[in-house]
Every structure is written in structure tokens, then in C-alpha cells.
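1. Just need the structure, nothing else, for what follows:
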Amino acid sequence: MNTIKIGGVPEHFNLPWHLTIEDGSFLKHNITLEWTDYPGGTGAMCEALRTGDIDMAIILTEGIIKDIIAGNPCKIVQTYIQTPLIWGIHVGAKSKYTTLSELKNTTAAISRYGSGSHLMAYVNAQNQGWATSDLKFEIVKNLDGAIETLTNNKADYFMWEHFTTKPLVDDQTFRRVADCPTPWPCFVIAVREELLETKKEQLQIILDTINTVTSDFKQIPSIDKTLAHRYNQKLEDIQEWLKLTEWSQSLIKNETLSKVQDQLYNLNIINKKLPPEKLISEL
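-> Take a look at the predicted model:
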């Protein structure tokens with residue numbers, strides 16, 4: 001049996017993986033796919049890929065591109081979610097801030113440096129015409145840390161996926177002041193180079209299997225109810241999210257890699273750009 005360790009955020013995007021692991025689809029091919037949740041998001045998964053704690057990750061496009069450029073020995077093998085991620089921009093329920101413009105020169109809570117919440121704070125600042133050199137950050141590790149930090153006024157705003165945080169907006173833990181969609185497909189599948197050399201056949205089986213599931217995912221009977229139940233979401237919110245979300249079964253496009261790198265470079269988040277072959281691997 002081949003054991004391969006995979007990580008992802010504990011969010012609704014990744015239900016296809018859990019359903020496929022639970023129904024034994026990988027075991028039929030002598031593959032034990034061990035899933036680990038990473039509430040800390042992309043920054044935590046980049047670190048886990050570097051240390052070998054996981055072999056592959058379902059990870060934010062901009063975050064893994066930044067980390068590969070910084071020396072993470074991984075490659076992107078496929079786009080996972082083709083549509084943008086909608087980042088909600090949140091303040092604490094009792095915050096004095098009520099509009100996005102008021103957040104200029106305030107402190108952003110981020111899960112860690114290099115995370116999506118960190119990188120998207122730069123994208124949002126650029127969108128608003130703010131000087132990115134003025135951005136200030138407070139590291140909070142994860143969503144629970146952000147709740148504590150915003151509630152106690154240790155930071156002023158926090159960016160996290162719109163639907164994941166919707167229950168916290170509904171119960172008035174957070175107030176959402178705006179949304180900020182990513183300008184590119186949001187999630188990719190990244191794999192450590194060591195595995196690309198030693199377990200290429202198994203990786204191809206994993207991709208073929210998950211792609212079969214995601215291509216028909218929305219047609220699974222009552223999938224909206226399953227998602228709502230498993231991720232503590234209102235049914236109408238999940239139904240809206242499903243309308244907005246498209247899975248991919250294809251390798252990320254070169255022009256997307258260029259677009260992400262151009263924006264990260266212009267924001268001084270990376271200091272060089274790499275050709276596509278340094279970032280991706282076609283199985």
C-alpha cells in the first residue's frame with residue numbers, strides 16, 4: 001500500500017476529497033491518502049510541504065507560487081478551483097470602522113506571513129489605492145485567533161473566505177465591510193518534487209480519481225444539504241456558493257502564472273519571476 005499525505009483547509013471546497021477518501025476510491029488502487037486539516041491555511045501548508053509533513057496540498061494559487069519562488073521544492077500539478085476565491089473583509093462586531101475606506105493605515109490580522117490573508121491584504125490595498133508600504137500586520141494563526149484578536153481590538157480587520165466566515169457574520173462576531181475576489185483561479189494542487197520523481201503513477205491515479213468526482217460534484221443528490229450540514233452553513237449560503245464555484249480538471253495556464261507573478265512582483269512580495277516549467281509539472 002502506498003501512503004501519500006495530503007493537506008487542505010477545513011472548508012467546503014475540499015468535500016470532494018473527503019467523500020472520495022471515505023468511499024475507499026483510493027484504496028482500490030492500493031493508495032492510502034492521509035488527509036490533514038490546516039486551519040492556519042496556505043502559510044501553514046507551505047511550511048508542511050517544505051518539512052515533508054505532507055506530500056501534496058490543496059493550496060491557494062498565489063501563496064504556493066510565492067513559496068516555490070522562495071525555494072519550496074514543489075510543483076503545481078493542476079488547478080483545483082477554477083473560479084476566484086471571494087475574500088470577505090471583516091471587522092469586529094463592535095468595531096468603530098464601518099466602511100472599507102476607513103481601514104486605510106489600520107492593522108490587518110493575518111494567519112501568518114506568506115498566507116492568503118497576508119497576500120490578499122496587499123491586493124486589496126492596491127485595489128483601494130493605498131500605499132502597500134504602510135500596511136501593518138498582526139499574526140493570529142487561524143480563524144479562532146482572528147476572532148480573539150478582532151474582538152479585543154488587537155487588530156482592525158481580517159480577510160478570510162466569504163462563506164467560511166458567514167456564520168460569524170450572522171451571529172455578529174464579525175461585521176463584513178466588503179469583499180475582495182482573487183483576480184485568478186484560487187486553489188491549485190501542489191506536490192513535493194520528491195513525489196513527482198518517485199510516485200508519479202500514484203499521483204496520476206489520485207488526480208484522475210478526484211477529477212472524476214469534481215466534474216460531477218454539483219450533480220450529487222442533495223449535495224447542498226450535505227455541505228450545509230458538514231460545514232455548519234445555511235442552506236441558502238451553500239446554494240449561492242455552489243453557483244459561484246467551478247472545479248477544474250486542468251493544469252494551470254501559463255498566462256495565469258504570469259498574471260499572478262506580475263502582481264506579486266509589482267507588490268514587492270516576490271523579487272523575481274520564474275518561467276512556467278519551474279512552477280508546474282505535467283504528469
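
2. so where is the protein shaky, pLDDT-wise?
-> Residue ranges of the chain with pLDDT under 70: none are present.

3. Now do the phi/psi pair for the residue nearest the centre of it.
-> Central residue of the chain (CA atoms, centre = their mean): Leu60, 3.7 Å from the mean position. For Leu60, the backbone dihedrals (degrees, to the nearest 10) come out as phi -60, psi 140.

4. is it true that Gly40 lies in a strand?
-> No: using DSSP: H, G, I helix; E, B strand; the rest coil, the assignment for Gly40 is coil, not a strand.

5. Neighbours of it, how many?
-> By other CB atoms under 10 Å, 20 other residues sit near Gly40. In this view, the C-beta of every residue, glycine as well, is placed from N, C-alpha and C.

6. so how far is Lys234 from it?
-> 25 Å (CB to CB, to the nearest Å).

7. And the helices in the stretch 101-250 of the chain?
-> Taking DSSP state H, counting those that start in this stretch as the test, the helices found in the stretch 101-250 of the chain are 116-128, 143-151, 166-170, 193-198, 200-215, 223-230, 235-244.

8. So for the shortest one, what gets flagged as buried?
-> This points to helix 166-170. Lys166, Leu168 (16 or more other CB atoms under 10 Å).

9. and if you look at stretch 228-244?
-> In stretch 228-244, counting by 16+ other CB under 10 Å, buried: Ala228, Tyr231, Gln233, Asp237, Ile238, Trp241, Leu242.

10. what does it rub up against?
-> For stretch 228-244, the external contacting residues (CB atoms under 8 Å, 6 or more residues apart in numbering) are 11-12, 15, 83, 86, 163-164, 166-167, 170, 218, 223-225, 227.

11. need the strands for the stretch 1-150 of the chain, in chain order.
-> For the stretch 1-150 of the chain, the strands defined by DSSP state E, counting those that start in this stretch occupy 2-8, 31-37, 56-60, 74-81, 86-92, 107-110, 136-139.

12. can I get the ones you listed in CSV with distance to Arg50?
-> As requested, these are exported to CSV (distance: least, CB to CB, whole Å):
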stretch, distance to Arg50
strand 2-8, 12
strand 31-37, 15
strand 56-60, 11
strand 74-81, 8
strand 86-92, 25
strand 107-110, 19
strand 136-139, 18
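
13. quick one: which of the ones you listed is nearest Glu277?
-> strand 74-81 (9.2 Å; CB to CB).

14. quick one, what contacts Gly63?
-> Contacts of Gly63 (CB under 8 Å, 6+ apart): Gly41, Thr42, Gly43, Met45, Cys46, Gly114, Ser115, Gly116, Leu119.

15. just to revisit the earlier point, relative to Asp179, which of the helices of the stretch 101-250 of the chain is closest?
-> helix 116-128 (9.9 Å).

16. quick one on the thing from earlier: right, and the residue nearest to the centre of the chain touches Thr42 too?
-> Yes: using CB atoms under 8 Å, Leu60 makes contact with Thr42 at a distance of 4.3 Å.
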